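Enquirer: Provided below are the primary sequence and the corresponding predicted coordinates.
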Amino acid sequence: MNWILKKILGSKNERDLKKMRPLVARINEFDEEMKALSDEQLQAKTQEFRDRLENGETLEDIELEAFAVVKNAARRLCGTEVEVIGHPVPWEMVHFDVQLIGGMAIHKGMIAEMATGEGKTLVATLPVYLNALSGKGAHVITTSDYHAQRDSEWMGHLYKWLGLTVGCLKNMMPPPERREMYMRDITYGTNSEFGFDYLRDNMAYSPEEMVQQKGHSFAIVDEIDSILIDEARTPLIISGPAPYSSTQYSELQPAASRLVRRQRDLCTRLLKEAKELIVEGEDDEASLKLYQVFEGMPKNKQLMHMIEDVRLRKLLEKTQMAMLADMRKDQARELRQELFFTIDEKGHDASLTEKGCAEMNPNDPEMYVLPDMVAMMSELDGENDFTPEEIMEKRRAIQEDYAMRNERIHAVDQLIRAYSIYEKDVDYVVQDNQVVIVDEHTGRLMVGRRWSDGLHQAVEAKEGVKIERETQTLATITIQNYFRMYDKLSGMTGTAETEADEFHQIYGLDVMVIPTNRPVRRVDLNDQIYKTQREKFRAVINEIKKAHGNKQPVLVGTVAVETSEVLSRMLRRENIVHNVLNAKNHAREAEIVANAGQPGAVTIATNMAGRGTDIKLGQGVVYLKSEDIQSKEYSLDTKVDGTPLRKLLEEKPCGLYVIASERHESRRIDRQLRGRSARQGDPGVTRFYISLEDNLMRLFGSDRISNIMERLGIEEGEVLE
């Protein structure tokens, strides 16, 4: 029945769009009328709106006129220049009709889903201007400090022309300056800046010390899915020094490092034995050796290379399944006890075995074993030779010994995790003698953030940098709970519809899909799947060389800093000039992005370039005639000189070529990276390169694909598309 109604009435999204189209026409009428006003008369509208609000009118009463004022002001600024993060940027933006619809959706407290490249940053100026007129403050939340500064300076050009004040929160900004930023009409900043200011305000001794003095009236969250879904349960924590010391990490590090080396040597020997057993036809015995290595060092390079063979992979998987059965649990335990420690890669966990305890301290292996405290307490209760005071003292001694051992075992487990699971230049970087976490969603450095439960101290000990003291929590709030405090919350993203139910249930936010201004002319080519990372990287380099030779700009997306540096070294060997944008050199972000669309430019970037990055194409990058590109009627299926545009772009690509070196766990991040290409109707091409050795494929079932490759007889170097 629902589908029949949908056919007759259209979807809710279509009905909402239909209601808004007459309002768009009315905004454009106001805009036409305002063309006759002088600059001073148009600028005076801001004060006029404020007066009308004071006299009892609502924001809805002035909404259409206010939007027209912003659109008219944007047109008048065309031809002017604004300095954005030290670079002169020409202002050449005027709101399209679809952007006016997006602005209305945001003002209603909805999420505007707009295709990447449709100008979300400009859309925000409409509801931000309108809501800032109330004097209660409008907060614009961005995904990074770079975007906060960029947008506050770029869009600030428009706001300031209309007489509004704009502020931007920066890391390490002192409280008096922060207070001043919040007192301005519009404040830009990252979610953590706003959240930590709220926590600090709750710890303030007097109202005068608080910085968020206007409260939480209206907020627009840019890339709302990243902040309210991916990071929803991320706690913002203000911590102080803990009363206990963290010197145990530096004391235990040499022994833990030695233990990891012993495990590596043991795994190498087990793999050698497994290879010999396979040659002798003893597959069952060999599979037990492979099982042990997988339990002890799942990222072992030799193991990964061996299980590229489908037969050996199946052998290992069969053994893993068998070991889960009750009848073989004892055998599985015995095999694990032959290791020094075990690793659960999916759960990001590690634990010492009895053999590992003995290796850590041969003179006292029991030092790393927890005593049975309940039995010891019961035994003490049965003693009649002690006074009540002596029993209390002995109880306290048992508890202290248990706590000390527990802390020591925990520290060793964390050190093993640091060595075996957390990788430098993937999960973190070392900068200025400090371990800095890399955000897996954005690829940016999370300066000031630390892993909890001693893991950060363990990584510091591993890297030989200064070990900071352990901390205790003084104040905390999750990002989800912080944003629920706003009277009106709204947002923008290119990828929200997939999480529409979650947005509605948790935040009461509806998603409105905004149509594109021009048809999307991006060709998403099929994924290329290789057996090994080595083959995949070679194929990526060959594709870059080909595009570079055709003077086509290329953006290569990587998941980790390490991968971006590997590809950079390979390109240097090929003498291809390129830029690298990752968490280590984020200071050059504006400059690198500004040049990424020039003919023949090659840019390697982590997820940093996946969101909110507008890459403008240089002269000569698009070989098609401008009228074919700029016409709103032309789509990928339209014929240009007798050939469909899609076929033309597949045979001879033009525009920005986005090459992804692997898939991310979050499909939205992959979609965001694709969206860097073919913005605002430009043509473009994207392709993902994948290998069975990639973390995502390895952890979540590359066996199905490897079976297909085996059946098709695909050899090393060949590709599955």
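Expert: Done, it's in.
Enquirer: over to Ser490: give its phi and psi.
Expert: For Ser490, the backbone dihedrals are phi -150, psi 180 (criterion: degrees, to the nearest 10).
Enquirer: quick one: it and Glu113 touch, right?
Expert: No - between Ser490 and Glu113 there is no contact under Cβ atoms under 8 Å: 12.0 Å. C-betas here are computed from N, CA, C, even on glycine.
Enquirer: and Leu489, what element?
Expert: When elements are assigned from DSSP states H and E, Leu489 belongs to strand 488-493.
Enquirer: buried sites along the helix or strand just after that strand?
Expert: On the C-terminal side of strand 488-493, the closest following helix or strand by DSSP H and E is helix 500-502. Burial within helix 500-502, assessed by neighbour count using 16 or more other Cβ atoms under 10 Å, is assigned to Ala500.
Enquirer: hmm, who's touching helix 500-502?
Expert: Outside helix 500-502, the residues that touch it by Cβ atoms under 8 Å, 6 or more residues apart in numbering are Ile229, Asp510, Val511.
Enquirer: for Thr187, see how far away Pro175 is.
Expert: When Cβ to Cβ, to the nearest Å is the yardstick, Pro175 and Thr187 sit 15 Å from each other.
Enquirer: compare those two and say which is more crowded by neighbours.
Expert: Using other Cβ atoms under 10 Å, the more surrounded residue of Pro175 and Thr187 is Thr187, with 27 against 14.
Enquirer: secondary structure element holding that one?
Expert: strand 186-190.
Enquirer: where does Glu468 land on pLDDT?
Expert: On the pLDDT scale, Glu468 is placed at 84.
Enquirer: what helix or strand does it sit in?
Expert: Applying DSSP H and E, one finds Glu468 in no helix or strand.
Enquirer: what's around it, how many residues?
Expert: Taking other Cβ under 10 Å as the neighbour definition, Glu468 ends up with a count of 14.
Enquirer: quick one, what contacts it?
Expert: Glu468 makes contact with Ser246, Arg450, His456, Gln457, Glu460 under the criterion Cβ under 8 Å, 6+ apart.
Enquirer: for the second one, grab the count of nearby residues.
Expert: If I follow you right, that is Arg450. Taking other Cβ under 10 Å as the neighbour definition, Arg450 ends up with a count of 18.
Enquirer: ok, the fourth one next?
Expert: Gln457 is surrounded by 27 other residues when neighbours are defined as other Cβ under 10 Å.
Enquirer: these two touch, right, it and Thr247?
Expert: No - the pair Gln457 and Thr247 fails to qualify as a contact (Cβ under 8 Å) at a distance of 9.7 Å.
Enquirer: what do those two both touch?
Expert: Common neighbours of Gln457 and Thr247 are listed as Ile467 (criterion: Cβ under 8 Å, 6+ apart).
Enquirer: what's the first-to-last distance across stretch 321-338?
Expert: Across stretch 321-338, the straight-line distance between its terminal residues is 20 Å, by Cα to Cα, to the nearest Å.
Enquirer: what are the buried residues along it?
Expert: By neighbour count with 16+ other Cβ under 10 Å, stretch 321-338 contains the buried residues Met323, Ala332, Leu335, Arg336.
Enquirer: and for stretch 202-219?
Expert: Met210, Val211, Gln212, Lys214, His216, Ser217, Phe218, Ala219.
Enquirer: pLDDT on the strand holding Leu489, on average?
Expert: 92.
Enquirer: what comes into contact with it?
Expert: Counting by Cβ under 8 Å, 6+ apart, the neighbours of strand 488-493 from elsewhere in the structure are 102, 105-114, 120, 123-124, 127, 131, 217-228, 483, 507, 509.
Enquirer: can you turn the buried subset of those residues into a selection I can paste into PyMOL?
Expert: A single PyMOL command is used to select the members of the contacts of strand 488-493 judged buried by 16+ other Cβ under 10 Å:
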select buried, resi 102+105+106+107+108+109+110+111+112+113+114+120+123+124+127+131+217+218+219+220+221+222+223+224+225+226+227+228+483+507+509
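Enquirer: what residues are up against Gln337?
Expert: Gln337 makes contact with Thr353, Glu354, Lys355 under the criterion Cβ under 8 Å, 6+ apart.
Enquirer: same thing with Glu63?
Expert: Met104, His107, Leu130.
Enquirer: three-state assignment of the last one?
Expert: Three-state secondary structure (criterion: DSSP: H, G, I helix; E, B strand; the rest coil) places Leu130 in helix.
Enquirer: how about the contacts made by it?
Expert: If a contact means Cβ under 8 Å, 6+ apart, then Leu130 has Leu59, Ile62, Glu63, Ala66, Phe67, His107 as its contacts.
Enquirer: and the fifth one, that one's in a helix?
Expert: It stands for Phe67. Yes - counting by three-state DSSP, Phe67 is part of a helix.
Enquirer: per-residue confidence for it?
Expert: The model reports Phe67 with a pLDDT of 97.
Enquirer: I figured it hits Val128, correct?
Expert: No - using Cβ under 8 Å, Phe67 is not in contact with Val128, being 11.3 Å away.
Enquirer: tell me the phi and psi of Leu312?
Expert: phi -70, psi -40.
Enquirer: the nearest residue to it once chain neighbours are set aside: neighbouring residues, count only.
Expert: Closest residue in space to Leu312, ignoring its immediate chain neighbours: Met306 at 5.5 Å, by Cβ to Cβ, 6 or more residues apart in numbering. Applying the criterion other Cβ under 10 Å, we find 20 residues in the vicinity of Met306.
Enquirer: same question for Phe49.
Expert: Other residues lying near Phe49 total 22 when counted by other Cβ under 10 Å.
Enquirer: tell me, please, the helix or strand in this structure that averages the lowest pLDDT.
Expert: Per-element confidence for the chain was summarised using mean pLDDT, DSSP states H and E. The lowest value among helices and strands belongs to helix 626-630, with a mean of 43.
Enquirer: Met367 and Arg405 touch, don't they?
Expert: Yes - in this structure Met367 lies within contact range of Arg405 using Cβ under 8 Å: 7.1 Å.
Enquirer: partner residues bridging the nearest residue to Lys108 once chain neighbours are set aside?
Expert: The shortest distance from Lys108 to any residue other than its chain neighbours is 7.6 Å, reached at Ser490 (Cβ to Cβ, 6+ apart). Taking DSSP bridges as the rule, Ser490 bridges to Ile220.
Enquirer: burial measure for Ser490, as a count.
Expert: That count, for Ser490 with other Cβ under 10 Å as the rule, works out to 23.
Enquirer: what about it, distance to Leu303?
Expert: When distance is defined by Cβ to Cβ, Ser490 is 49 Å away from Leu303.
Enquirer: residues touching Lys329, list them.
Expert: Contacts of Lys329 (Cβ under 8 Å, 6+ apart): Met323.
Enquirer: phi, psi for it please.
Expert: The main-chain torsion angles of Lys329 are listed as degrees, to the nearest 10 and equal phi -60, psi -40.
Enquirer: what of Ala204?
Expert: Phi and psi for Ala204, reported as degrees, to the nearest 10, are phi -70, psi 150.
Enquirer: and the gap between Glu65 and Arg417?
Expert: As defined by Cβ to Cβ, Glu65 lies at a distance of 59 Å from Arg417.
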